[in-house]
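K.L.:
For reference, the sequence and a predicted model appear below.
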Amino acid sequence: MDFLISFVLALVALLILLQLTVLLLWVERKGSALIQDRVGANRANLFGGLLPFNLGIVNTLMADPLKLFHKEDIIPKDADAFLHWLAPFIAVLPLFVTFAVVPFGDVLVLGERVINLQAADVNVGLLFVLGMVSLGVYGVVIGGWASNSRYAFLGGVRGSAQMVSYEIGMGLALVAVVLTYGSLDLQEIARAQGQLMWGVIPAWGVFYQPLALVLFFIAGIAESKRPPFDLPEAESELVAGFYTEYSGSKQSMFMMSDFIEVAIVAALVTTLFFGGWQVPYLYRDGFHLPGGFFFGVPSLVVTILQVGAFLTKLFIFCWLQILVRWTYPRMRYDQLMNLGWKRLLPIGLANVVVTAVLVLALEGFTVP
Amino acid sequence: MNPYIALLISFALCAIVAGIMCGASWLLGPKVENKAKSEIFETGNPPIGSIRGIRFPVKFYLTAILFVVFDIEVVFMYPWAVVFRRLGWIGLAEMAVFIAVLGVGLAYVWRVGALEWD
């Protein structure tokens, strides 16, 4: 039974992620159209016009992936076939698994059973996330190398240098977060944010670590290789960067890995800084409003509200990243490296030291 | 149940899904051999040849080395951050020395121009 529950939870986590990435593809196409004042993709039909009506929204939700999966899989003749296969697999697998440690709700009470809404309740969740996200660099490097093409190679080299540079900034931002919570367990971090500051404001991480939020968000966007940090792909310079020589479903895996990283960054921002699944004032038995008011809510409704809150916050931060992507122009490579090494790294170090001093000096600064 | 078993289940599930998605084109797509198609794309010009043994700026290598140095140091901070409250001021002082050494290293690297890209 435990086994089955784990399987279902893993499936739910994976499905949330997959649905979200496909949805984000559509949101990105329609959102960019909105930003650029055009209509965007709005037509879809089956088998060249079999249906009498327009499927509209379905086009990117279903038609795009289906169409890509039906394209020919081309491996260039000088390429290393095995590595060419391995790269897209390695690019997405760690990212898929990352979502397993992200809690998407508190607990689900079914009869006597209390299910923790997290696919794998690992006590080093944050470390696991960092490790998995940094494995993403292998997809880029191997993809760039295996294709045996100059453009792909340049993209791979650029991508590796960029991703490792920003990993340091990301790691340092998260050290400060760990200092505040004293835990690496994402579920515990989310639970700790259910408390209130001065009885009114929810004790979310953003009030304790605003600087870490900014650092983490910047580093996260850079890790996902999307504009303004899209130098590994840079379509105006390197064709398509490290996946120039990919087609069909393997190419769509690389495209998807970008969106998965968007979703993961959004999930981490939500969990670490914005209370995860917490709805302000909502506890397991109902709403405890400031001033002693209490509304009882059935436990199932509480769970649904919390999962809904998590997904809503997740989506807000995904949208924020899409806004950033369509707002800023691409950086130059030296600007990119300067930002990573000369800004994020020293600021991150300073933030760690200041946080550590504050945690020890002020009792109330920490989220216990 | 051990949470790592749950993680393993998750891993297996994701590996299957990722494998199917990677192989979808190979299974479903057409397979038409064509000389021009199997060549690499160099914006329409005939490809110049293999990249094996190609030269690229040593800066990337330097960045990788610096990454190893600094990222390992960041990794050391995680266990410290978790038990930080039990260690108290002494732990902070020790870590401050560690971060100072790191800061000096960063200042040195910055000064000699290892972080410059031109």
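P.N.:
Great, that's in hand.

K.L.:
quick one: buried residues of the longest helix along chain B?
P.N.:
When chain B is parsed with DSSP state H, its longest helix is helix B:84-111. For helix B:84-111, the neighbour count (16 or more other CB atoms under 10 Å in any protein chain shown) marks B:Phe84, B:Gly91, B:Leu92, B:Met95, B:Ile99, B:Leu102, B:Gly103, B:Leu106, B:Val109 as buried. C-beta here means a position set from N, CA and C on the backbone, and glycine is covered the same way.

K.L.:
Out of those residues, which are close to chain A?
P.N.:
Contacts with chain A within these, as defined by CB under 8 Å from any CB of the partner chain: B:Phe84, B:Leu92, B:Met95, B:Ile99, B:Leu102, B:Gly103, B:Leu106.

K.L.:
Pick out the residue of chain A closest to chain B.
P.N.:
A:Gly248 (3.0 Å; CB to the nearest CB).

K.L.:
how much space between that residue and B:Gly23?
P.N.:
10 Å (CB to CB, to the nearest Å).

K.L.:
what do you get for B:Val74?
P.N.:
Applying CB to CB to B:Val74 and B:Gly23 gives a distance of 37 Å.

K.L.:
Now do the SS call for the residue nearest the centre of chain A.
P.N.:
Nearest to the centroid of the C-alpha atoms of chain A, with distances taken as CA atoms, centre = their mean, sits A:Ile264, at 1.6 Å. Counting by DSSP: H, G, I helix; E, B strand; the rest coil, the backbone at A:Ile264 sits in helix.

K.L.:
so who does it touch?
P.N.:
A:Leu95, A:Thr98, A:Phe99, A:Val102, A:Val129, A:Val133 (CB atoms under 8 Å, 6 or more residues apart in numbering or on different chains).

K.L.:
Hmm, the last one is touching A:Leu95, no?
P.N.:
Yes: between A:Val133 and A:Leu95 there is a contact under CB atoms under 8 Å: 7.4 Å.

K.L.:
Which neighbours do these two have in common?
P.N.:
With CB under 8 Å, 6+ apart as the test, A:Val133 and A:Leu95 both reach A:Glu261, A:Ile264.

K.L.:
Give the buried residues for whichever strand or helix holds A:Val352.
P.N.:
Using DSSP states H and E, A:Val352 falls within helix A:345-361. Across helix A:345-361, burial judged by 16+ other CB under 10 Å covers A:Leu345, A:Pro346, A:Ile347, A:Gly348, A:Leu349, A:Asn351, A:Val352, A:Val353, A:Thr355, A:Ala356, A:Val359, A:Leu360.

K.L.:
do the same with stretch B:72-81
P.N.:
B:Glu73, B:Val74, B:Met77, B:Tyr78, B:Trp80, B:Ala81.

K.L.:
Now do the same for A:Ser236: helix, strand or coil?
P.N.:
A:Ser236 - assigned by three-state DSSP - is helix.

K.L.:
Count the neighbours of it for me.
P.N.:
The burial count assigned to A:Ser236 is 7, neighbours taken as other CB atoms under 10 Å in any protein chain shown.

K.L.:
Quick check: the gap between it and B:Trp117.
P.N.:
From A:Ser236 to B:Trp117 the distance is 19 Å (CB to CB).

K.L.:
ranges for the helices of the stretch 251-368 of chain A?
P.N.:
Along the stretch 251-368 of chain A, counting by DSSP state H, counting those that start in this stretch, helices occupy A:299-327, A:333-338, A:345-361.

K.L.:
Now chain B against chain A: closest residue?
P.N.:
Closest point on chain B to chain A, by CB to the nearest CB, is B:Ser25, at 3.0 Å.

K.L.:
Number of residues surrounding A:Asn116?
P.N.:
17.

K.L.:
For it, list each beta-bridge partner.
P.N.:
In this entry, A:Asn116 is beta-bridged to A:Val107, by DSSP bridges.

K.L.:
I'd like the distance from it to A:Leu154, if you could.
P.N.:
45 Å.

K.L.:
show me where chain A has strands.
P.N.:
Secondary structure of chain A (DSSP state E): strands at A:107-110, A:113-116, A:196-197, A:201-202, A:282-283, A:286-289, A:293-296.

K.L.:
from these, which stretch is densest packed?
P.N.:
For the strands of chain A, the largest average neighbour count (mean count of other CB atoms under 10 Å in any protein chain shown) is found in strand A:282-283, namely a mean of 18.

K.L.:
And that one, how far out from the chain middle?
P.N.:
For strand A:282-283, the separation from the chain centroid amounts to 26 Å (computed by CA atoms, centre = their mean, to the nearest Å).

K.L.:
Quick one: residues in contact with that strand.
P.N.:
A:Gly194, A:Val297, A:Val302, A:Leu305, A:Gln306.

K.L.:
Any chance of TSV for those residues, columns pLDDT, neighbour count and distance to A:Val279?
P.N.:
Converted to TSV, the contacts of strand A:282-283 look like this (pLDDT from 0 to 100; neighbours: other CB atoms under 10 Å in any protein chain shown; distance: CB to CB, whole Å):
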residue	pLDDT	neighbour count	distance to A:Val279
A:Gly194	79	21	9
A:Val297	79	18	10
A:Val302	84	23	8
A:Leu305	86	16	5
A:Gln306	87	25	6
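
K.L.:
low pLDDT regions in chain B?
P.N.:
Scanning chain B for pLDDT under 70 picks out nothing.

K.L.:
Break down chain B into its strands, ranges please.
P.N.:
Counting by DSSP E, chain B contains no strands.

K.L.:
the helices in it, which residues?
P.N.:
B:3-28, B:59-82, B:84-111.

K.L.:
Around chain B, which positions in the stretch 201-350 of chain A sit nearby?
P.N.:
Looking at chain B, the residues of the stretch 201-350 of chain A close enough under CB under 8 Å from any CB are A:239, A:244-245, A:247-250, A:252-253, A:256, A:333-334, A:337-338, A:341-342, A:345-346, A:349.
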